[in-house]
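In: after the sequence you'll find the predicted model.
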Amino acid sequence: MSDCIFCKIIAGEIPSRKVYEDEDVYAFHDIHPFARVHFMIIPKLHIASLADAQPAHQALLGKMLLLAPRLAKEQGLDSGFKTLINTGRGGGQEVFHIHIHVFGGGDPVRG
Ligand code: AMP
Ligand code: ZN
């Protein structure tokens, strides 16, 4: 997807603060963090939103979810963290490349 900012981040065309990368997945810090630690886990495959995910993406989505606790711990969130997937305009999604927000270490209500 040539006009997708997260695809451009994966391609290195837009800079990001990388947290993790493998052949399927990329993770990077959110540019507007709403907690002391706030990063996003995205697939390298362009999937617009959770509502666009298909059964063929099941293993990829599972891999992303299982990475969350590992990366959260590596980022210093030892006592727990929050996850968030905004889906669709009505769900507050602004970037239409599926992403899991992982955050914590800040305000106890907001994360
Ligand atoms: P959402 O509202 O769930 O679509 O979240 C999109 C997130 O992407 C927001 O929290 C933004 O702060 C974040 N974001 C947008 N552009 C960038 C960027 N270039 N680098 C890092 N995070 C970004
Ligand atoms: Zn994309």
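Out: Looks like it arrived, so ask away. Ligands and ions are numbered 1, 2, ... in the order given.

In: so how far is the longest strand seen in the chain from its chain's centroid?
Out: Identified as the longest strand of the chain according to DSSP state E is strand 37-43. In this view, strand 37-43 has its centroid 3 Å away from the chain centroid, taken as Cα atoms, centre = their mean, to the nearest Å.

In: going forward can the numbers begin at 781, since that is how I track them
Out: New numbering, starting at 781: the last item is strand 817-823.

In: dump that strand to PDB, restricted to CA.
Out: C-alpha atoms of strand 817-823 as PDB (Å, rounded to 0.1, in the frame of the first residue of the first chain):
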ATOM      1  CA  VAL A 817       5.700   3.400  27.500                       C
ATOM      2  CA  HIS A 818       3.500   3.200  24.400                       C
ATOM      3  CA  PHE A 819       4.400   1.300  21.300                       C
ATOM      4  CA  MET A 820       2.500  -0.500  18.500                       C
ATOM      5  CA  ILE A 821       2.800  -3.900  17.000                       C
ATOM      6  CA  ILE A 822       1.900  -4.100  13.300                       C
ATOM      7  CA  PRO A 823       2.000  -6.900  10.700                       C
END
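
In: adjacent strands (with direction) for it?
Out: Sheet partners assigned to strand 817-823 using DSSP bridges are listed as strand 805-809 (antiparallel), strand 880-884 (antiparallel).

In: interface residues of the protein facing ligand 1?
Out: Residues of the chain lying near ligand 1 by Cβ under 6 Å from any ligand atom: Ile785, Ile794, Ser796, Asp810, Ile811, His812, Asn866, Gly872, Gln873, Glu874, Val875. No exception for glycine: its C-beta is placed from N, CA and C like everyone else's.

In: leaving out chain neighbours, which residue sits closest to the second one?
Out: The spatially closest residue to Ile794, leaving aside those adjacent along the chain, is Lys788, at 4.4 Å (Cβ to Cβ, 6 or more residues apart in numbering).
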